[in-house]
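> Okay, predicted coordinates and the sequence, questions at the end:
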Amino acid sequence: MQVTVHAAKTNLSKLIEAALSGEEVIIAKGKLPVVKIVPVAQGQFKVGLLKDQLTGTGPDFFEPMSDDELALWECKG
């Protein structure tokens, strides 16, 4: 389906639903196609994906830095 910019402004919700249902939606300036509305791929997020791959403990960000680490952080060393 191809619609003009004016029609797209008026019917944006319907055009989004059409794109989500798999229809190709193109917006044109006059008769020149300029953009396409496409759904954003929804990835699946899995909690604990790296649970068994991480070992040890990371740095404790609440502990003060040593003087050497602080000097490196402040570009003094």
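All right, it came through fine.
> residue ranges with poor pLDDT in the chain?
Filtered on pLDDT under 70, the chain yields the residue ranges 77.
> Look through it and tell me its longest helix.
helix 12-20 (DSSP state H).
> ok, and for that helix, which residues are buried?
Leu15, Ala18, Ala19 (16 or more other CB atoms under 10 Å). (Glycine included, C-beta is placed from N, CA and C.)
> Please name the nearest non-neighbouring residue to the first one.
Excluding the flanking residues, the one nearest Leu15 by CB to CB, 6 or more residues apart in numbering is Val25, at 5.0 Å.
> contacting residues for that neighbour?
By CB atoms under 8 Å, 6 or more residues apart in numbering, the contact list for Val25 reads Met1, Val3, Leu15, Ala18, Ala19, Lys36, Ile37.
> Tell me where the protein has helices.
Along the chain, the stretches classed as helices by DSSP H are 5-10, 12-20, 67-73.
> Now do the longest one: everything it contacts.
If you take CB under 8 Å, 6+ apart as the criterion, helix 12-20 is touched by Met1, Val3, Ala8, Val25, Ile27, Ile37, Val38, Pro39.
> could you measure the most centrally placed residue in the chain against Lys46, distance?
Nearest to the mean C-alpha position of the chain, by CA atoms, centre = their mean, lies Val40 at 8.8 Å. As for Val40, its distance to Lys46 is 19 Å (criterion: CB to CB, to the nearest Å).
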